[in-house]
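Trainee: Sharing a sequence plus its predicted fold:
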Amino acid sequence: MITSTLTKNIALFLSILLYIGQAAANQSDLFYRWIDSNGKIHYSDKVNPDHAGYRREQLNDQGVTVRTIDRPKTKEELAKERELARLRKQQQKLIAQQAARDRLLLFTFEDVTNSLGDKLETIDVKLKILTASIQDLQGKLTEQRKSAANWEKSGRAVPRTVLFKIDEFKSQIQGYESTVKELTKKREQLQVKYAEDTQRYKQLVSHQYDKINAEKSISASQSQDELSIVSCSDKKECGLVWQLTKEYILSNPGGKKLITDSDLVVSTSAPQNQEDIGASAVMIRKGSGQSTIFLDIHCKQTVIGQEQCNSSGSKNWLNGFKAYVLSRMKAQDAIGKS
């Protein structure tokens, strides 16, 4: 029994030694290939320390690449990656907030419509009452002014009661007119909000499939040579940049239409196949009217999808964003000054 166990252990030990020997032999057969800054191709089983910063391939004895070792990233590249991660985190937050508003709108649109009707009706009643009150006060003011004119024509001083009523009616009219302006502005804001909600509701209903699959099927492109961002300094400038961003997104590689168009998020539909590309932009507000607009693209979570996002065409489109916006702003500024 002891002899049998010992024999098995010895066999196992010899097998391990054989495996280690084969692995070492295989490892010794591997060599590297890399291209230096002068374009010269190098082959060696060891990498010169001076060339450790180059991207290299590890090849087997058949010359087949078994592993690729990227060059070490520079401080600038690492900093850019961190900034890109920060921007994408804020992008996802804004998109999630927009998605929450969209879900609420889908479930409450009918109630919102009914509520709007009630609010508008209430405002209209108040405006009608105020308008009638203003007309009545204007009539009374006219009478008091005529009375004051008659007193002056007769060479007598205008009684204080008449002057007091004139001031009182003028003050009341001004107060009512101010309220009318506020209610009218509120009414216009409600109508604009309803129009925006209605347009968004129609978009959501017609693109529900895209919205359902967006979170499951897309992933942001893995890298960007230059960050696709444009900064703006005030509300007017940011409004123009945001409009130009929408125009640029409509020229996206996939030729897609917009399915989200809000004041903070604009996007096309999600990619439906491996060759498909989606695009989105968010406005990240910093305060004091300043904002940063960040543009990104999305592809299927597959190898082919990622190749699409990292293709030269996709990168060129992303990198052209800032130049497009700035050139259009410069052109519009020139038109405004001419």
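Mentor: Perfect, I can see it now.

Trainee: how about residue 95, what does it touch?
Mentor: Contacts for residue 95 were tallied using CB atoms under 8 Å, 6 or more residues apart in numbering; they are 265, 267, 280, 282. From N, CA and C alone the C-beta is placed, and that goes for glycine too.

Trainee: So which of the residues you listed is the closest to residue 191?
Mentor: Distance to residue 191, by CB to CB, is smallest for residue 265 among the contacts of residue 95, at 22.8 Å.

Trainee: Give me the nearest residue to that closest one, chain neighbours excluded.
Mentor: residue 98 (4.4 Å; CB to CB, 6 or more residues apart in numbering).

Trainee: Farthest pair within the contacts of residue 95?
Mentor: 267 and 282 (8.8 Å).

Trainee: For burial, what's the neighbour tally of residue 298?
Mentor: Applying other CB atoms under 10 Å, we find 24 residues neighbouring residue 298.

Trainee: scratch that, residue 190 is what I was asking about
Mentor: Quick note: residue 190 (other CB under 10 Å) scores 15 neighbours.

Trainee: same check, this time on residue 80
Mentor: Neighbours of residue 80 (other CB under 10 Å): 17.

Trainee: what about the residue nearest to it when sequence neighbours are not counted, which helix or strand?
Mentor: Excluding the flanking residues, the one nearest residue 80 by CB to CB, 6+ apart is residue 227, at 6.6 Å. In the assignment (DSSP states H and E), residue 227 maps to no helix and no strand.

Trainee: list the buried ones in stretch 91-109?
Mentor: By neighbour count on 16 or more other CB atoms under 10 Å, the buried set for stretch 91-109 is 91, 94-95, 98, 102, 109.

Trainee: how about those residues in a markdown table, adding pLDDT?
Mentor: Rendered in a markdown table, the data for those read as follows (pLDDT from 0 to 100):
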| residue | pLDDT |
| --- | --- |
| 91 | 88 |
| 94 | 89 |
| 95 | 85 |
| 98 | 85 |
| 102 | 82 |
| 109 | 82 |
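
Trainee: Report the contact partners of the most centrally placed residue in the chain.
Mentor: Closest to where the C-alpha atoms of the chain average out (CA atoms, centre = their mean) is residue 282, at 1.4 Å. Residue 282 makes contact with 90-91, 94-95, 264-266, 293-294 under the criterion CB under 8 Å, 6+ apart.

Trainee: That one belongs to a strand?
Mentor: Yes: according to DSSP: H, G, I helix; E, B strand; the rest coil, residue 282 belongs to a strand.

Trainee: That one bridge partners, please.
Mentor: Under DSSP bridges, the beta-bridge partners of residue 282 are residue 265, residue 294.

Trainee: for this protein, what spans make up the strands?
Mentor: With DSSP state E, the ranges of strands along the chain come out as 31-35, 41-44, 56-59, 65-69, 218-220, 229-232, 258-261, 265-268, 277-287, 290-300.

Trainee: Of those strands, which is nearest residue 206?
Mentor: Closest approach to residue 206 among those (CB to CB): strand 258-261, 8.2 Å.

Trainee: follow-up on the earlier one: in a markdown table: the strands of the chain, plus distance to residue 171 and mean pLDDT.
Mentor: Shown next, in a markdown table, are these (distance: least, CB to CB, whole Å; pLDDT from 0 to 100):
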| stretch | distance to residue 171 | mean pLDDT |
| --- | --- | --- |
| strand 31-35 | 85 | 78 |
| strand 41-44 | 90 | 81 |
| strand 56-59 | 85 | 80 |
| strand 65-69 | 81 | 78 |
| strand 218-220 | 60 | 50 |
| strand 229-232 | 43 | 91 |
| strand 258-261 | 46 | 82 |
| strand 265-268 | 47 | 87 |
| strand 277-287 | 39 | 88 |
| strand 290-300 | 41 | 89 |
